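Curious how this folds, go ahead:
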Amino acid sequence: MLTRLKVSGFKNLVDVDVRFGAFTCIAGRNAVGKSNLFDAIRFLSYLASDTLMNAALSIRSESGKTGEIRNLFHRAGNQYTNRMCFEAEMILPNEGVDDLGQKAEASITLVRYVVELGYHEHETHSTLGALELIREQLEHINVGSAKQQLQFPHSARWRRSVIEGRRTTPFITTSGEGENRIVRLSQDGKQGRPKSISAAQLPRTVLSTTNSAESPTALLVRRELQSWRLLQLEPAALREPDRFTTPPGIEPNGAHLAVTLYHLARSASRQASNGQSALGSQVYDEVAERLSHLIDDVVEVGVDREEQRELLTLQIKSRDGTIHPARSLSDGTLRFLALAVLHLDPNAGGLICMEEPENGIHPERIPAILTLLQDIACDVDEPVGPDNPLRQVIVNTHSPSVVTQVPDDSLLVATLGQTIIGNERSMAARFGWLPDTW
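Here you go, the predicted model:
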């Protein structure tokens, strides 16, 4: 869960310092920087998995030319900054697994991660440019500081369920200058010497290489960053049937909706056979009941299992008994269904970003999708557990209808303000909470 983000030197984000709750709606007119904030979040996520260059190439540039790494840096007139810095404070799940399936347990669950990158001309591709790791740091935030650091409204019971552990020294530090820069990765326990890596020509962050054996907490930070995703639900992907063998889990574009819902229902049925109260049909009933808030005519939601072609197809049934397969459903209905399934999926954790969730939704039904998005997010009044996963939702919008219907303490306003770099003036994004909220 991302609780605070500082960004400077990235696109039009200069000296940005913003805090988030479990559910946040960023509102502002077009081209003020709402999407750039999402890009900064995605960039951090990519840096936890891939090389510096590939992470940068995965983010769209203002000119639309993703190969121009220079365009990711803030520009004032014709002058670019040469560095960009990201600082993220986050709450971690207390356990997870590494790439080899080895279990990891965090020694502390409230941490701050800092990464600073510089730009230099590429030796062989001068038009492309390259990134270098200037600084990387991962440090603990003391449990005693948690109440002060987590400024969004929440209960003490919730805070005690997610904040635990103690630490006295940083996990990752950077020292030295230029070619002598060294990044050190410390183990969670007191035993063992820190692992030292030369930062010169380092192709990726040190965090992206961690495993459970050397630093389980750093590994869980990596996993948390990797779980941050931007949902860009595409109707074509949502309509596609899935094969029996497709692994469950909705992709950022909405793919594998049918198989995910099918497996959620099967999992509930297996629990019922083991003496639990859940029934597979209740999963379908919950999704249908949620969808009825959007479409009055819905009475059933299910997944058709076609044995001959081994395909799973999402479908809904209307009051007159007509079966409507996914290929015949509207774009808005499909997006709503995907969110309803995400809400029920305990494995869909982490941070979910979504742009303009009201798209394709009738204005009278906007309250239904806003309620669903808030329900997907963790309930910060109740302890975290299987029925209340540590999950966060951040959306952006320029719709007055959305702005008037979200809680005041969930509304983050985006505007433009003037900034000066050298002798050049430029416009930069500004983010602020409403007066008299947290």
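
what sits up against the lengthiest helix in the chain?
The single longest helix within the chain, with elements called by DSSP state H, is helix 257-273. With contacts defined as Cβ atoms under 8 Å, 6 or more residues apart in numbering, helix 257-273 is touched by 238, 240-243, 246-250, 278-284, 287, 301, 303, 305, 312-314, 326, 334, 337-338, 341, 344-345. Backbone N, C-alpha and C define where each C-beta goes, glycine included.

Which of those residues fall in helices?
Those of the contacts of helix 257-273 lying in helices (DSSP H): 238, 280, 281, 282, 283, 284, 287, 334, 337, 338, 341, 344.

Among the residues you listed, which has the minimum pLDDT value?
For the ones in helices among the contacts of helix 257-273, the weakest pLDDT value sits at residue 280, with 65.

In ChimeraX, how would I select the buried members of the ones in helices among the contacts of helix 257-273?
Remark: buried members of those, expressed as a ChimeraX selection using 16 or more other Cβ atoms under 10 Å:
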select :238,280,282,283,284,287,334,337,338,341,344
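
now, which of the ones in helices among the contacts of helix 257-273 sits nearest residue 425?
In terms of Cβ to Cβ, no member of those lies closer to residue 425 than residue 338, at 42.9 Å.

sorry, back to before: the longest helix of the chain - what's its average pLDDT?
86.

so how far is that helix off the chain centroid?
25 Å (Cα atoms, centre = their mean, to the nearest Å).

got the end-to-end distance for stretch 202-222?
End-to-end distance of stretch 202-222: 18 Å, with Cα to Cα, to the nearest Å as the criterion.

Next, give phi and psi for residue 21.
Phi and psi for residue 21, reported as degrees, to the nearest 10, are phi -100, psi -170.

Let me know the distance separating the nearest residue to it once chain neighbours are set aside from residue 4.
Setting aside the residues directly before and after it, residue 21 is nearest to residue 152 in space (Cβ to Cβ, 6 or more residues apart in numbering), at 3.4 Å. Distance check for residue 152 against residue 4: by Cβ to Cβ, to the nearest Å, it reads 10 Å.

same check, this time on residue 40
Shown here: residue 40 relative to residue 4, a distance of 13 Å by Cβ to Cβ.

Looking at the two now, which is surrounded by more residues?
residue 40 (23 against 17; other Cβ atoms under 10 Å).

does that one sit in a helix, a strand or a coil?
Look at residue 40: counting by DSSP: H, G, I helix; E, B strand; the rest coil, its state is helix.

was I right about it contacting residue 9?
No: using Cβ atoms under 8 Å, residue 40 makes no contact with residue 9, being 10.4 Å away.

distance of residue 115 from residue 161?
For residue 115, the distance to residue 161 equals 29 Å [Cβ to Cβ].

Now do the same contact list for the closest residue to residue 437 other than its chain neighbours.
Leaving aside its sequence neighbours, residue 437 sits nearest to residue 409 (Cβ to Cβ, 6+ apart; 4.3 Å). Listed by Cβ under 8 Å, 6+ apart, the contact partners of residue 409 are 21, 152, 153, 433, 434, 437, 438.

for those, which one is nearest residue 403?
residue 434 (10.3 Å).

all strands for the stretch 1-150 of the chain, in order.
Assigned by DSSP state E, counting those that start in this stretch, the stretch 1-150 of the chain shows strands spanning 2-8, 16-19, 23-27, 75-76, 79-80, 83-91, 95-97, 103-105, 110-120, 130-140.

Going by neighbour count, list what's buried in the first one.
Put plainly, it is strand 2-8. Residues 2, 3, 4, 5, 6, 7, 8 are the ones in strand 2-8 that count as buried (16+ other Cβ under 10 Å).

who does the fourth one bridge with?
Right, residue 5. Counting by DSSP bridges, residue 5 is bridged to residue 18, residue 88.

okay but it is in contact with residue 112, surely?
No: Residue 5 lies out of contact with residue 112 (Cβ under 8 Å); the separation is 10.7 Å.

In contact with the closest residue to residue 347 other than its chain neighbours, which residues?
Leaving aside its sequence neighbours, residue 347 sits nearest to residue 249 (Cβ to Cβ, 6+ apart; 6.7 Å). Residue 249 sits next to 256, 260, 345, 347, 348 when contact means Cβ under 8 Å, 6+ apart.

What about the second one, how many residues nearby?
For residue 260, the count of nearby residues is 27 (other Cβ under 10 Å).

What strand or helix carries the residue nearest to residue 21?
Assigned by DSSP states H and E, residue 152 belongs to no helix or strand.

Distance check, it against residue 300.
To residue 300, residue 152 is 38 Å away according to Cβ to Cβ.

Could you check the pLDDT of the closest residue to residue 135 other than its chain neighbours?
Sequence neighbours aside, residue 116 is the residue nearest to residue 135 in space, at 4.1 Å (criterion: Cβ to Cβ, 6+ apart). pLDDT for residue 116: 98.

Residue 85 is in contact with residue 116, correct?
Yes: counting by Cβ under 8 Å, residue 116 touches residue 85, with 4.3 Å between them.

list residues touching both of the two?
residue 135.

mind checking the SS state of the residue lying farthest from the centre of the chain?
Ranked by distance from the centre of the chain (Cα atoms, centre = their mean), the top residue is residue 320, with 40.0 Å. Classification of residue 320 using three-state DSSP returns coil.

Any chance of the backbone angles for it?
Dihedral angles of residue 320 (phi, psi; degrees, to the nearest 10) stand at phi -80, psi 10.

between residue 40 and residue 9, what contacts are shared?
With contacts defined as Cβ under 8 Å, 6+ apart, no residue is shared by residue 40 and residue 9.
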